[in-house]
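1. Quick one: sequence and predicted model below, then my questions.
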2 protein chains.
Amino acid sequence: MSAFDFTPLLPPGSPPPAAKWTGSPKYNFTGGNNDPAQVPVDGLMAAADAVLRREGQSLAYYGVANGPQGYKPLRDFLAAKLRRDAAIACTADDILLVSGSLQAFDLINGALVAPGETVIVERDTYGGMLNRYARAGIKAVGVPLDKDGMRMDALEETLTALAAKDIRAKYIYTIPTVQNPTGTIMPMDRRERLLALSEKFGVPIFEDDCYSDLIWSGGRAPALYSMTKSGNVIHIGSFSKSVAPALRVGFIVAPWQILSRMIALKVDAGSGALEQMVLAEYCTPHFETHVPDLRRGLRKKLEALMDALEEQFGTAAEFDDPPGGIFLWVKLPDQVDTMKLYQSALAAGVAINPGPEWSTDAAHSGSRMRLCFASPTETEIREGIAILADICRKEFGVPQRSGNIERRKAR
Amino acid sequence: MSAFDFTPLLPPGSPPPAAKWTGSPKYNFTGGNNDPAQVPVDGLMAAADAVLRREGQSLAYYGVANGPQGYKPLRDFLAAKLRRDAAIACTADDILLVSGSLQAFDLINGALVAPGETVIVERDTYGGMLNRYARAGIKAVGVPLDKDGMRMDALEETLTALAAKDIRAKYIYTIPTVQNPTGTIMPMDRRERLLALSEKFGVPIFEDDCYSDLIWSGGRAPALYSMTKSGNVIHIGSFSKSVAPALRVGFIVAPWQILSRMIALKVDAGSGALEQMVLAEYCTPHFETHVPDLRRGLRKKLEALMDALEEQFGTAAEFDDPPGGIFLWVKLPDQVDTMKLYQSALAAGVAINPGPEWSTDAAHSGSRMRLCFASPTETEIREGIAILADICRKEFGVPQRSGNIERRKAR
């Protein structure tokens, strides 16, 4: 009998099928993976034991009988943490727990944006969001950044130009605190200007705050959500960067008028409860001591990455030392095409994020790349960057062989 | 300052906002909640301890570095279990782990069905699926059932009538083994006929197998997936009914040509890994002994429910003693409108599923209701059904006061 053919049944515009997974690249500078040595395994074990012993039977109920917004003690922890760290005044009732911030994206897009509609984003921004826009037929208009994040003059121009065409963007998506990929932090005056522009044009702000725990200094600016008086901000965050990405727990804080719309769209019978329970039990006593340790480890890896780039690429790799985070945004010489570099490097076991996948502007980002440094070891960082430099040199003639490398080879 | 108004930004056709959650009803006969006493808490604690101790650091990687199909040991457990119980020959590579079977629904619908297109379902079927169709603008054509599940003569008629209108349905959705809500099990000859009709009309089968572990006798018919030679079946299952619903872990088994399409649509960076890890660690040694205990407990609750209905409703409640599962499909006298009964009962703290929410045919299901019995205690079952009978009597005149109740009141 011939095999049943599903092809004629696929709707038009279906994305291409996934390829079979063949393992992770040896040198992986992509993705929000974290440092395995920094996963607080003992703390999570103790938390799992305590919370299952006390409340394990409640797993018999969808959402452990805490309603559609998720496990209440984790929402209580977040309300206290957001008040302390981000100056956000909210309660558990203002928070929706979700399956990672990616589900937050889907719920916010679902609640506000129809196919064909327009959103405003930072010109260089999170690639996973740009993929979502492409698939959903949503138009993303990019606003340039400088060393202080999204440029407010350019935002005002964009909003004005859209208004002239009778287009009201559905939101302004921003990562104001350790911007992905540029690592910038938006200063207070620019935050105030952003809030005012949002109100003037009736376009709400979608604040993605997922890196704000990872600032080396430990301090941070107040969240946009904490600064608004009109309730024009939707705020999201995650435990992926601060505890562990495989635990798929994120959250949305928003005014009830729009949070209630997202809850109505969240028809998944709740996000995984065990992960919420273990996180609440672990984080309530330990988050504040865990995160500074994590930051120190990440900073050390960043320094290894910057050293390796300096050694291997010399002046051919330009970047700013970021104030926090897990990635570095690197400018290579103009003749480098990072989409091509990405392919060749991957074939050699080195994975990078090519700039055009992280930007609305292919010309601007064509010679840029994002390098994530949290999960590879310092040895892998050194080896991987050396391989990357070799490949880049062979394909694009840069970097020229540096004195450092010559010296090392002669040893 | 006036509050920012999100209303003008909502896309047309947005569902109504969620109401604030005000707690669970006291007598809850809805939802797939399970028996809290039967959650294997000690086993899950031991599993969490062992797997975190051994592999906790891998939580630093999305999908614990097991690729997009999910934690490999859980897929290995499932491949062995499906072979043993459902006669399905598959390997870990044929399985996609998902965030509960609801995510399986979304991925299957996303891969195969565009808005406005048609699917075939059992006339009485899972309400959560009907909601999804309504929201997505998918047309669901219901095929009547009898005591052996979906009627093949009616299915052939439906397929023929659609073909005459040049409509090719995207799939036939069936719960062949302990059908929700009717509890029927499709016999072998009908399964064979279903597979043949699917091939003849080029319409694949979507087999929802989530209750098959809960058959009182412990036996089960081979899955449709195991019987096909052409690969025309997509099979899904879940741990919600057999271990705990709050652990949001389900799975899809499908030919690679269509599984690869679903993996491409699953852009959530993986389902929660801790729950997958704990389930694999627990289920591999304990699933086979846990489930028979669970079944015995459920059967006892079902008997309490059937006794209470007999006592309170007498002949006014008609139902078949189901061969397994967690629900009972009850026919009340024709004058009862279960949509109205549902409202009045809920106000009195008794939640039921009114038939029309579980059916494509409002006339047929208008005096029917689904009662879930796994989570309430036997006392709650007795009390809740007594209250339900009182309300039904006041509103619809049935059941007439029974001798049993008169006797009890006189005591």
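-> Done, it's in.
2. Could you list the contact residues of the stretch 151-300 of chain A toward chain B?
-> By CB under 8 Å from any CB of the partner chain, the residues of the stretch 151-300 of chain A that approach chain B are A:168, A:170-171, A:198-199, A:202, A:204, A:228-232, A:244-249, A:255-258, A:260-261, A:263-265, A:267-275, A:278. Using the backbone N, CA and C atoms, a C-beta is placed for each residue, glycine as well.
3. what number of residues lie near the residue lying closest to A:L309 once chain neighbours are set aside?
-> Distances taken as CB to CB, 6 or more residues apart in numbering or on different chains put A:A317 closest to A:L309, at 4.5 Å, once the chain neighbours are dropped. A:A317: 25 surrounding residues under other CB atoms under 10 Å in any protein chain shown.
4. How about the one 4 residues further on?
-> Using other CB under 10 Å, A:D321 has 10 other residues around it.
5. ok so, going back, need the pLDDT of the residue nearest to A:L309.
-> Listed pLDDT for A:A317 reads 98.
6. In this structure it contacts A:V330, no?
-> Yes. With contact defined as CB atoms under 8 Å, A:A317 counts as touching A:V330 (5.2 Å).
7. anything in contact with each of the two?
-> Residues touching both A:A317 and A:V330 (CB atoms under 8 Å, 6 or more residues apart in numbering or on different chains) are A:L309.
8. follow-up on the earlier one: which of the residues of the stretch 151-300 of chain A next to chain B fall in helices?
-> A:198-199, A:256-258, A:260-261, A:263-265, A:273-275, A:278 (DSSP state H).
9. can I get these in CSV with pLDDT and neighbour count?
-> Converted to CSV, these look like this (pLDDT from 0 to 100; neighbours: other CB atoms under 10 Å in any protein chain shown):
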residue, pLDDT, neighbour count
A:S198, 98, 24
A:E199, 98, 18
A:W256, 97, 14
A:Q257, 97, 15
A:I258, 98, 24
A:S260, 98, 17
A:R261, 98, 25
A:I263, 98, 22
A:A264, 97, 19
A:L265, 97, 18
A:A273, 97, 28
A:L274, 98, 28
A:E275, 98, 31
A:V278, 98, 31
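10. Pull the most distant pair out of these.
-> Taking CB to CB, the two most distant members of those are A:E199 and A:L274; they sit 41.0 Å apart.
11. residues contacting A:G325?
-> A:178, A:180, A:183, A:211, A:214, A:298.
12. change it to 7 Å
-> The contact partners of A:G325, by CB atoms under 7 Å, 6 or more residues apart in numbering or on different chains, come to A:178, A:183, A:211, A:214.
13. got it, and A:T118?
-> By CB under 7 Å, 6+ apart, A:T118 lies in contact with A:139, A:141, A:162, A:167, A:169-170.
14. just the buried members of the residues you listed?
-> Neighbour counting over these (16 or more other CB atoms under 10 Å in any protein chain shown) leaves A:139, A:141, A:162, A:169-170 as the buried ones.
15. Distance to B:V350 and pLDDT added to those, as a markdown table?
-> Compiled in a markdown table, those are given as follows (distance: CB to CB, whole Å; pLDDT from 0 to 100):
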| residue | distance to B:V350 | pLDDT |
| --- | --- | --- |
| A:K139 | 49 | 98 |
| A:V141 | 52 | 98 |
| A:L162 | 52 | 98 |
| A:A169 | 47 | 98 |
| A:K170 | 42 | 98 |
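16. Let me know the closest of the residues you listed to A:P16.
-> A:K139 (22.0 Å).
17. how long is stretch A:217-232 end to end?
-> 29 Å (CA to CA, to the nearest Å).
18. now stretch A:25-38
-> Start-to-end span of stretch A:25-38 (CA to CA) is 21 Å.
19. Could you check that stretch against chain B for contacts?
-> Yes. For stretch A:25-38, a contact with chain B is found by CB under 7 Å from any CB of the partner chain, at A:31-37.
20. Stretch A:72-85 and chain B, any residue contact?
-> No. Stretch A:72-85 lies apart from chain B when judged by CB under 7 Å from any CB; the minimum separation is 10.5 Å.
21. Quick check: which ranges of the stretch 101-250 of chain A have low pLDDT?
-> Along the stretch 101-250 of chain A, no part satisfies pLDDT under 70.
22. could you pull out the strands for it?
-> For the stretch 101-250 of chain A, applying DSSP state E, counting those that start in this stretch gives strands covering A:118-122, A:139-143, A:145-146, A:149-150, A:172-174, A:205-208, A:233-238, A:250-253.
23. any idea how far the third one is from the chain center?
-> Distance, stretch centre to chain centre, for strand A:145-146: 18 Å (CA atoms, centre = their mean, to the nearest Å).
24. what do you get for stretch A:334-348?
-> Centre-to-centre, stretch A:334-348 and its host chain are 23 Å apart (CA atoms, centre = their mean).
25. May I see the buried residues of that stretch?
-> A:336-338, A:341-342, A:345.
26. Same question for stretch A:49-60.
-> So for stretch A:49-60, counting by 16+ other CB under 10 Å, buried means A:49, A:51-52, A:55-60.
27. right, quick check: it against chain B, any contact?
-> Yes. Stretch A:49-60 lies within reach of chain B by CB under 7 Å from any CB, at A:49, A:52-53, A:56-60.
28. Just the closest residue of the stretch 301-411 of chain A to chain B, please.
-> Using CB to the nearest CB, A:S375 is the residue of the stretch 301-411 of chain A that sits closest to chain B, at 6.2 Å.
29. could you measure that residue against A:L305, distance?
-> Applying CB to CB, to the nearest Å, the value for A:S375 to A:L305 is 12 Å.
30. A:Y173 now?
-> 27 Å.
31. With A:W256 instead?
-> In terms of CB to CB, A:W256 sits 43 Å off from A:L305.
32. Can you lay out the buried residues of stretch A:49-60 as CSV showing pLDDT?
-> Converted to CSV, these look like this (pLDDT from 0 to 100):
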residue, pLDDT
A:D49, 98
A:V51, 98
A:L52, 98
A:E55, 98
A:G56, 98
A:Q57, 97
A:S58, 97
A:L59, 97
A:A60, 97
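33. where along the stretch 51-200 of chain A do the helices fall?
-> A:72-86, A:100-112, A:127-136, A:152-164, A:188-201 (DSSP state H, counting those that start in this stretch).
34. any chance of the residues of stretch A:25-38 next to chain B in TSV, plus pLDDT and neighbour count?
-> Below are the residues of stretch A:25-38 next to chain B laid out as TSV (pLDDT from 0 to 100; neighbours: other CB under 10 Å):
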residue	pLDDT	neighbour count
A:G31	91	20
A:G32	90	24
A:N33	94	23
A:N34	95	27
A:D35	95	19
A:P36	96	19
A:A37	96	10
